Each structure stands twice: as structure tokens, then as C-alpha cells.
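[1] Build me a model from this:
(one chain, ligands or ions: 2)
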Amino acid sequence: MLTAVSKFRNKSGLASTTRVMPFFLSTFPAHATAAPLCPPPSPYPSPHFRLPSLPRRGLAFLAAAAPPRALPPTPRQAMASLATSTAAAAAAEVTHLSQRDAADIDEQLMGPLGFSVDQLMELAGLSVATAVAEVYKLSEHTRALIICGPGNNGGDGLVAARHLYHFGYKPFVCYPKRTAKPLYSGLVTQLESLAIPFVPVEDLPQDLSGQYDIVIDAMFGFSFHGTPRPPFDDLIQMLVSLSVVGDSAKRPPIVSVDIPSGWHVEEGDVSGGGIKPDMLVSLTAPKLCAKKFTGPHHFLGGRFVPPPISSKYGLELPPYPGTSMCVRIGKVPSVDISSLRENYISPELLENQVMPNPFDQFRSWFDEAVTAGLREPNAMALTTVNKAGKPSSRMVLLKGVDKQGFVWYTNYGSQKAHDLSENSNAALLFYWNEMNRQVRVEGSVQKVSEEESEKYFHSRPRGSQLGAIVSKQSTVISGREVLQQAYKELEQKYSDGSFIPKPDYWGGYRLTPNLFEFWQGQQSRLHDRLQYSQREVGGSTEWHIQSRPKLARQAVKIAVMLLVCLMAGATPNSHGPSAQDVQPLCSMVSSL
Ligand SMILES: NC(=O)C1=CN([C@@H]2O[C@H](COP(=O)(O)OP(=O)(O)OC[C@H]3O[C@@H](n4cnc5c(N)ncnc54)[C@H](O)[C@@H]3O)[C@@H](O)[C@H]2O)[C@H](O)CC1
Ligand SMILES: [K+]
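    Ligands and ions are numbered 1, 2, ... in the order given. Below is the predicted model:
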């Protein structure tokens, strides 16, 4: 039974992250065998419980099983990936503003369009914080130094500092030229109430690398002109020296808000000796200097541009994905795959905590995955192997599970069906990323009865029934229109709501397991793994559990015993160690 759920940590992007699994306190009730897949409280009917219909992708040119969509871990992650995909397409069309147009837009927004500076600054600062959090994960970039200038760019920095604090970062603010206006003093008071340290310029170390994991440059925005005056000249130089450190992994990344401070708003880094930020968060629309930005992460923030501004200035801006406050623009950086690393933090998975029957254990984890709001937790990778020993995998949707096995439906003319007709052995894999959990199931596969397939077929929406008839899986067709045309014709044929017969070439399969493996990711790759295999005991088959950590502990015990013998100089011919010698080591072994 699920008794506690906490929010999942975000996982995505380019750096290592720590994922904390919500803590599930499991009590394993005796009735668990009869627990439903979804929703949890109702009993599950025989022959197997049917999962509710979930949305499927459209049919491709090579007609294929409708694969489940990828499981997006959190809405924010989904947004992040969408942001990334939107970006490439949009990059070419994004409008870049002149200094004058940027100032004009500002005036329009805060004049006839009814915005206040506080509002815009809040949205701008929030965009900066969300863009930073999307790229620079908390686990590796905790300490953030935000250097704020005297104008609104500095105000954006103060707001971003507050949001970063609430996201879990540890902000430090350097704000040498404070502005007396209530808006700014309010922002300072808010930061003080969070005990965010304000660092005087003279207390900053010459080399910022040791003390901060990320530096946010919020000194100057689009109203900057000339050359920077003290103390910003020195601060900018500090960031310049930081950005020339060769190995970017060894220094904190620099994030510039709207304009890399000190750059000409339209011409960019004219002298070539200016800041070279790793990330630029353009606000409202990128300014002309952003064309000279060569860092890996260019984002757009300030999701407040109303249509009158867009049309007046002919703004072409990328759409913001979902509810995101920022969108990546520009080239998507190539990721070093080997650096993608998760540190899993989960409750322990111990032998004495799981149910003796793996079907019950599966149901318990499945119900927890559903309750935790995972998308399509019934998506599973099905691996089949043909008679030549060639394996192939694809995602399918589990449609039912009971003590007889795992059921899914498909076209009997598909590749998987062909493989299964030659070799009934198959494997299933469930991967519940956000819960740091994976379940492997292996066994043999048989077709379900025609009656069972009929029953399920007619429980599906009529559209899916027609889709199953139209889709001749794994056959090459000349185009999508062929399917659409066939679908249309069938739709017409059955427009009177009459009975749609199940085609012979469509039906279910059931995998009868002989092995289950439950995996739970743990810190430092010391994952928990419990395997259930079958054993013949007194003429009947029983499930037997083995755990990897247990095996590892046994190995350690043996090694320590061996050490005891070696230390005591024991050989087959010697008398071996005395009881006194062995006593402390034996206590150690038994405590393992
Ligand atoms: N509509 C929007 O796009 C929004 C933008 N926001 C942010 O506001 C800045 C622009 O703010 P603004 O106050 O006009 O100017 P700056 O912050 O760039 O700085 C002005 C400030 O700096 C001083 N200054 C100018 N040049 C120098 C120099 N050479 N040396 C020293 N000091 C200099 C000047 O005297 C002023 O005091 C925009 O970029 C966005 O970041 C809003 O927050 C949201 C709406
Ligand atoms: K800036």
C-alpha cells in the first residue's frame, strides 16, 4: 500500500543529477493478489484485469504496433525536451532587436499596454532562474553568485536569486550600487529575509572558481553604453579571467542576463576581450549582440509579449513549450553521453520486504507507479527472438496481468508474432525511470484464446477497433494516406454503429513468466536487485528469491573467513588459529 509520496526531483539535461525516489512504505496485504492494476481500489476481474485505454501514436508508413509514447518523467522535463526540439527549428527565424527597439518595447509595455516594471522584472527573473535550473543542475551547481548592476538588469538578477533559492540553490548576491527605489529595496529585503548573503566586491576572491559553482552576470542590459565604470569594470574583468580558463569543466559557468555585460548592445564584444558567457538568457527578444554569442546555451525568457508588440515590431519568436518560462534558442549543444549520470537515491529493496510471489510484488510496484502519476507505466519493451537467434525489441502496452501471466494485443502478422511462432521465449522490461525502478520478466508466450481476444477487442473504442483492422503491421505501404483512406472507408461502413467483427489477424498474447527481476537504483551504482526464479519442491513449482546484495554480503563473509585463516598462518596441516584469535573476526563476520 502506498502511504507516502513526495515530489520527484527533476531529471534531464546535460549534467549529472541526483534523483530522490519518493519513499513508499509498503505493507503487503494478503489480498494483494487481487489488487487491480488501475485504479488501485477495485478488485480485478478475470481472466485478467484490463488496463484503461491509453492514447497511442499514429500509424507510420511502415505499419507498426502502436508504440507507447516515451515516459516523460515530469512535466518540466517534458518541457525541457520540447524546448530543445522547438529551438532548432525556431533559431533561424528569431528576431533580434536594436537597442532602440528594445527600449521602445519596454516603454510600450509599461505605458499603453498596462504592465508595471515590477511585473516584468518578476517574469524576467523567473525566466532566468528556470533557464539556469534547466541547464545547471542543482546537484553540481549549488552555490550561485549573482552580480547585480544598478538598473533593471540588476533587478532581474535580484529576482532570479530569490527564485533560485526556492529551487534549492544557494545564492550569494553582489550588489555594489544599490538603487534607493522601493522596488529594489523591496527585492533586497526579500533576499535578506531568506538570509541570502550580500557579498561586498572587496570580499570577492580574485578567482571565483573555488567559491561558486555558477556566476550570473546581471550587471548591464540593453541600456548599457560606453565603457564600464567602477566597480563594474573590475567585476567584468573578473568574469573575463574566469571565462578564459581553458577547461570549462573546472570553472563555474557564466550566465549573462539579456546582454553579456560590457558588450555593445548591437555590435557585441567589439574589443574581443569581453566576457564569454556559457549561457545567455535573452529577455523579451534577443538583442542584436546575441548574434555574436557563441556559447552553448542560448535561451529566451520573458513570456509576456502581447500580440500588439509582436505585430508592431514584426517579432518572430519561438513558442514557449507547455507552461515553461523559457525556451532554448540557437543550436542545441552536442551532449557528451558518457557524462550523463544519475545518482539514484531510493529506499532499500530487501528480500524481507518483498512479497513471496513475484506477481504480487509486480502488482505492488505497478500500483505505486500508477499512483505516483507516471505516464503509461504499462509500457513495456518486448523482446522476441526468431529461429535464427536474431532478437528484436519494441515497446508494447500491457493490457492485463494476473497469476497466469502478462497480456498484450497485437497484429498476428507482425514481426513479433512471426518471431513468437518460431520461438515462444520472450522477455518483457518495465522501466519506471522516476521511481528508479525496473522489472524484467522472462518466460514463454502463447496466444490468448479467441474468446479472450474477442472480449478485449470489443471493449476498445470503435476507432481503435477500426485501426486494428486497417493496420497490416510490418508491411510496407506507399504512404499514410493509404491507411487514412482505408480507415475512412471502414468508418463509413460502420457509421450506423453496427458490430465491428474482430479480424482474424488480431489478438492477444500471454507471457507466462519463469523469471522476474526487480531492480531499484541506489547510490554509487550499488543497486538492489531481487530475482525470482522457479524451483521444483516436492513435485510442485515454487518461486525462489535471490538478491544481489545478499550474494555480495556472502562473498564478503567468505573473504573475511579466508583472511582469518591467513592471519593465523593456518594451513591444512596446521592447528589453525586459536579461539581467542578468531573471536573478534568471527563477531565481525556475523555482524555483516
Ligand atoms: N521589456 C524588457 O525587455 C524588460 C527588460 N528588463 C531588463 O531590464 C534591462 C534594461 O534595464 P535598464 O534599467 O534600462 O538598463 P540596464 O540594466 O542595462 O542598466 C542601466 C544602468 O546602468 C548604468 N550604466 C549604463 N552604462 C554604464 C556604464 N558604462 N558604466 C556604468 N554604469 C552604466 C545606467 O546609468 C543605469 O543605472 C534589460 O536588459 C532587461 O534585463 C526588465 O527587467 C523586464 C522587462
Ligand atoms: K547582463
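
[2] doesn't residue 146 fall inside a helix?
    No. Assessed with DSSP: H, G, I helix; E, B strand; the rest coil, residue 146 is strand; it does not lie in a helix.

[3] Can you get me a residue count around it?
    Other residues near residue 146 number 34, with proximity taken as other C-beta atoms under 10 Å. Yep, even glycine has a C-beta here, placed from its N, CA and C like the rest.

[4] thinking it is in contact with residue 170, fair?
    No. Assessed by C-beta atoms under 8 Å, residue 146 is found out of contact with residue 170, at 11.2 Å.

[5] Please, which helix or strand holds residue 282?
    Using DSSP states H and E, residue 282 maps to strand 279-283.

[6] Up against ligand 2, what does this protein have?
    Applying C-beta under 5 Å from the ion, one finds that the chain approaches ligand 2 through 217, 256-257, 259, 261.

[7] Which of those residues has the largest number of neighbours?
    The residue in these with the most neighbours, by other C-beta under 10 Å, is residue 257 (36 neighbours).

[8] picking up where we left off before, the strand holding residue 282 pairs with which strands, parallel or anti?
    Within its sheet, and counting by DSSP bridges, strand 279-283 is paired with strand 254-257 (parallel), strand 297-301 (parallel).

[9] Averaged pLDDT, the longest one. What do you get?
    So the one you mean is strand 297-301. Across strand 297-301, pLDDT averages out at 97.

[10] related to what we said a few turns ago, is any residue of the strand holding residue 282 near ligand 1?
    Yes. For a cut-off given as C-beta under 6 Å from any ligand atom, strand 279-283 has contacts with ligand 1, namely residue 283.

[11] re earlier: can you put the strands paired with strand 279-283 in CSV and add distance to residue 194?
    As requested, those are exported to CSV (distance: least, C-beta to C-beta, whole Å):
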stretch, distance to residue 194
strand 254-257, 20
strand 297-301, 22
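
[12] With respect to burial, which of those strands scores highest?
    For these, the stretch with the most neighbours on average is strand 254-257, a mean of 30; neighbours defined as mean count of other C-beta atoms under 10 Å.

[13] Now the terminal residues of stretch 257-268, how far apart.
    In terms of C-alpha to C-alpha, to the nearest Å, the two terminal residues of stretch 257-268 are separated by 14 Å.

[14] Do any residues in that stretch lie close to ligand 1?
    Yes. Shown here: stretch 257-268 in contact with ligand 1 (C-beta under 6 Å from any ligand atom) through 257-259.

[15] ok, those vs residue 405, which is closest?
    Nearest to residue 405 out of these is residue 257 (C-beta to C-beta; 56.9 Å).

[16] from memory that closest one sits against residue 158, does it?
    No. Residue 257 is not in contact with residue 158 according to C-beta under 8 Å; the separation is 10.8 Å.

[17] Now the common contact residues for these two.
    Shared contacts of residue 257 and residue 158, defined by C-beta atoms under 8 Å, 6 or more residues apart in numbering, comprise residue 218.

[18] rewinding a little: turn the residues of the chain next to ligand 2 into TSV, columns for distance to residue 152 and pLDDT.
    Supplementary listing: those in TSV, determined by distance: C-beta to C-beta, whole Å; pLDDT from 0 to 100:
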residue	distance to residue 152	pLDDT
217	14	98
256	15	98
257	10	98
259	12	98
261	13	98
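
[19] ok, those vs residue 490, which is closest?
    The shortest distance between residue 490 and any of these, using C-beta to C-beta, involves residue 257 and amounts to 56.5 Å.

[20] Excluding residues flanking it in the chain, which one is nearest the closest one?
    In space, residue 257 comes closest to residue 218 once its chain neighbours are excluded; the distance is 4.4 Å by C-beta to C-beta, 6 or more residues apart in numbering.

[21] For ligand 1, see how far away the one you found is.
    Residue 218 is 7 Å from ligand 1, where distance means C-beta to the nearest ligand atom, to the nearest Å.

[22] What number of residues are in the vicinity of that residue?
    When neighbours are counted by other C-beta under 10 Å, residue 218 comes out with 32.

[23] Ramachandran coordinates for it?
    The phi and psi values for residue 218, taken as degrees, to the nearest 10, are phi -120, psi 50.

[24] residue contacts, it?
    Here residue 218 is in contact with 128, 146-149, 153-154, 156-158, 160, 257 (C-beta under 8 Å, 6+ apart).

[25] again, 10 Å this time
    Counting by C-beta atoms under 10 Å, 6 or more residues apart in numbering, residue 218 touches 124-125, 128, 146-149, 151-161, 173-175, 255-258, 261, 281.

[26] what do you get for residue 457?
    Going by C-beta under 10 Å, 6+ apart, residue 457 touches 409, 450, 464-465, 468-469, 500-503, 506-508.

[27] Looking at those, which are in helices?
    Judged by DSSP state H, these include 450, 464-465, 468-469 as members of helices.

[28] Return the members of those classed as buried.
    With neighbours counted by 16 or more other C-beta atoms under 10 Å, the ones in helices among the contacts of residue 457 contain buried members at 465, 468-469.

[29] in this structure, what residue is nearest ligand 1?
    Across the chain, no residue is closer to ligand 1 than residue 221, which sits at 1.8 Å (C-beta to the nearest ligand atom).

[30] What strands line up against the longest strand seen in the chain, and which way round?
    As far as residue count goes, and with DSSP state E defining each element, the longest strand of the chain is strand 506-520. Sheet pairing of strand 506-520 (DSSP bridges) gives strand 405-411 (antiparallel), strand 437-447 (antiparallel), strand 528-537 (antiparallel).

[31] moving C-terminal of the shortest one, what's the next helix or strand?
    As assigned by DSSP H and E, the chain's next helix or strand after strand 405-411 is helix 415-422.

[32] in that following helix, what's buried?
    Along helix 415-422, the positions that meet the burial threshold by neighbour count (16+ other C-beta under 10 Å) are 415-417, 419-420.

[33] Surely residue 106 and residue 121 touch.
    No. Using C-beta atoms under 10 Å, residue 106 is not in contact with residue 121; the gap is 11.0 Å.

[34] From ligand 2, how far out is residue 559?
    Residue 559 sits at a distance of 58 Å from ligand 2 (criterion: C-beta to the ion, to the nearest Å).

[35] quick one: that residue is in a strand?
    No. Counting by three-state DSSP, residue 559 is not found in a strand; it is helix.

[36] Make 224 the starting number, not 1.
    Noted, 224 is the first residue going forward, which turns the last one into residue 782.

[37] just for the chain, where's the confidence low?
    The chain contains residues with pLDDT under 70 at 224-315, 468-469, 562-566, 568, 696-697, 746-748, 771-781, 783, 787-788, 790-815.

[38] Can you pull up the residues of it that come close to ligand 1?
    Proximity of the chain to ligand 1 (C-beta under 6 Å from any ligand atom) is limited to residues 325, 328-329, 332, 343-344, 347, 372-376, 378-379, 443-452, 455, 480-482, 506-507, 525.

[39] In the stretch 474-623 of the chain, what residue spans correspond to helices?
    Taking DSSP state H, counting those that start in this stretch, the helices of the stretch 474-623 of the chain run over residues 530-535, 581-594.
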